[in-house]
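1. using only what follows, build the 3D model:
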Amino acid sequence: MTDKVNKLLADVDPAEERAISRFLLEEAQILDDWEWAAWLDFWHEDCLYWAPTQLERLQREIADRISTFGTSAYFEENKTQLKQRVDRLLTHMAWGEAPPSRARHLITNIRVTKAEGDGVYTVKSNFLDYRSNGQRSQDHITGERTDTILRAPDSEWGYLIKERRILFDMSTILTKNLSLFY
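-> Purely as a prediction, here's the structure:
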């Protein structure tokens, strides 16, 4: 076998990989069900939820297309800020969600690798979020998420998300708002 195949087979215990995949799928279901307060339980107290912007670049400048941390971003939030967004959605007064959207969060191509530290994993996944609002408004938002997930036996789900970087596939997001979570 090649070194790459050996790495794929030896990196993460298959049961752990299934559990982490299931954790992310449960998170997606909770988002679909608008259980915002329960969704916060998936997050570490010292978390980062970050979606950098992308710029259109020539092929020779492709390495510079994604904004760096602390510069331009759609989101750059900690748990307190996520809770503020959730609290606003729960008031049923958020203009972007009146009437409430119907949403599906599809998570696929989940790739789990061990990160530095015991019980720390880097998890990449692709997403397709479908949202309809009213009778004619529909959005399809795609991208890749890179999560740092910690094993947390005392938490409800056994894991916590420490960091999420959301990289949208489009440089200009043609949706009325970004009020939902990815």
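2. next SSE downstream of the lengthiest helix in the chain?
-> Longest helix of the chain, by residue count under DSSP state H: helix 14-32. Counting by DSSP states H and E, the next helix or strand C-terminal to helix 14-32 is helix 36-40.
3. which other helices and strands contact that next one?
-> On a contact count with 3 or more C-beta pairs under 8 Å, 6 or more residues apart in numbering; DSSP states H and E, helix 36-40 meets helix 14-32, helix 79-90. (Each C-beta comes from the backbone N, C-alpha and C, glycine too.)
4. in the chain, which spans are strands?
-> 43-52, 73-77, 102-114, 120-133, 137-151, 159-168 (DSSP state E).
5. make a markdown table out of these and add mean neighbour count and mean pLDDT.
-> Converted to a markdown table, these look like this (neighbours: other C-beta atoms under 10 Å; pLDDT from 0 to 100):
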| stretch | mean neighbour count | mean pLDDT |
| --- | --- | --- |
| strand 43-52 | 18 | 96 |
| strand 73-77 | 16 | 88 |
| strand 102-114 | 15 | 94 |
| strand 120-133 | 18 | 93 |
| strand 137-151 | 17 | 92 |
| strand 159-168 | 20 | 97 |
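6. among those, which is nearest Ala19?
-> strand 159-168 (7.4 Å; C-beta to C-beta).
7. worst mean pLDDT among the helices and strands packed on helix 36-40?
-> Across the helices and strands packed on helix 36-40, helix 79-90 has the smallest mean pLDDT, namely a mean of 92.
8. give the buried residues for that helix.
-> Neighbour-count burial for helix 79-90, with 16 or more other C-beta atoms under 10 Å as criterion, is recorded at 82, 85-86, 89.
9. Ser137 contacts Leu174, correct?
-> No. In this structure Ser137 lies outside contact range of Leu174 using C-beta atoms under 8 Å: 11.3 Å.
10. one step back: list the buried residues in the longest helix of the chain.
-> Buried residues in helix 14-32, counted by 16+ other C-beta under 10 Å: 17, 20-21, 23-24, 27-28, 30-31.
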